[in-house]
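> what's the 3D shape of this:
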Amino acid sequence: MLRPLVLALGLALASAAPAAAHGDYDWINKGGYRNSNGDHCCGKDDCFKLEANEVKQEREGYSVPSHGVTVPYKEAQRSEDEHYWICRTSAKMRCFFAPHQGF
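Take a look at the predicted model:
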C-alpha cells in the first residue's frame with residue numbers, strides 16, 4: 001500500500017521538475033522564441049529579467065548599459081509577462097523582450 005503512494009509521489013515530483021527548469025523565464029523557452037538570425041533565445045541560464053530603470057528608450061532603440069548593448073526597436077520582442085528580459089551568452093546577445101508600450 002505504501003509502495004504505490006511513494007511511486008505516485010516520485011512521478012509527480014519528476015514531472016514537475018522540467019516545468020521549473022528555467023524559472024521565471026521558462027515562458028521564453030516554452031514559446032520557442034528565436035532572434036532574427038533564427039537562433040533560439042533561451043538556453044540554460046541565458047535569460048535575465050531587467051528592472052525598468054535598467055532600460056532606457058533612446059532614438060536608436062532600447063539601451064541596456066548593464067549589458068553594454070543597444071537593441072534596435074525592430075529586434076525587440078514583446079514580453080509575455082510585461083517585464084524587460086535579455087537573453088545572452090557570454091559572447092553575444094540572443095534576444096531582448098520588452099513590455100507592451102500601449103501605442
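> What's the first helix or strand after the helix-or-strand element of the chain with minimal mean pLDDT?
Lowest on mean pLDDT, DSSP states H and E among the helices and strands of the chain sits helix 2-16, with a mean of 43. For helix 2-16, the succeeding helix or strand toward the C-terminus, using DSSP states H and E, is helix 26-30.
> Tell me how far that next one lies from the chain's centre.
The chain centre lies 6 Å from the centre of helix 26-30; the measure is Cα atoms, centre = their mean, to the nearest Å.
> Restricting to C-alpha, output that helix in PDB.
Taking Å, rounded to 0.1, in the frame of the first residue of the first chain, the C-alpha atoms of helix 26-30 are listed here in PDB:
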ATOM      1  CA  ASP A  26      10.500  29.500 -18.700                       C
ATOM      2  CA  TRP A  27       7.900  31.200 -21.000                       C
ATOM      3  CA  ILE A  28      10.700  32.200 -23.300                       C
ATOM      4  CA  ASN A  29      11.900  28.600 -23.600                       C
ATOM      5  CA  LYS A  30       8.500  27.100 -24.000                       C
END
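> could you give the mean pLDDT of it?
For helix 26-30, mean pLDDT rounds to 86.
> got a pLDDT number for the closest residue to Gln77 other than its chain neighbours?
Excluding the flanking residues, the one nearest Gln77 by Cβ to Cβ, 6 or more residues apart in numbering is Phe97, at 5.1 Å. C-betas here are computed from N, CA, C, even on glycine. Listed pLDDT for Phe97 reads 96.
> any residues touching the strand or helix carrying Phe97, and which ones?
Assigned by DSSP H and E, Phe97 falls within strand 93-98. Here strand 93-98 makes contact (Cβ atoms under 8 Å, 6 or more residues apart in numbering) with 28, 33-35, 39-43, 46-47, 55, 62, 64, 67, 69, 71, 75-80, 83-88.
> Give me the buried subset of the residues you listed.
Buried members of the contacts of strand 93-98, counted by 16 or more other Cβ atoms under 10 Å: 28, 33, 35, 41-42, 46-47, 55, 62, 64, 67, 71, 76-77, 79-80, 84-88.
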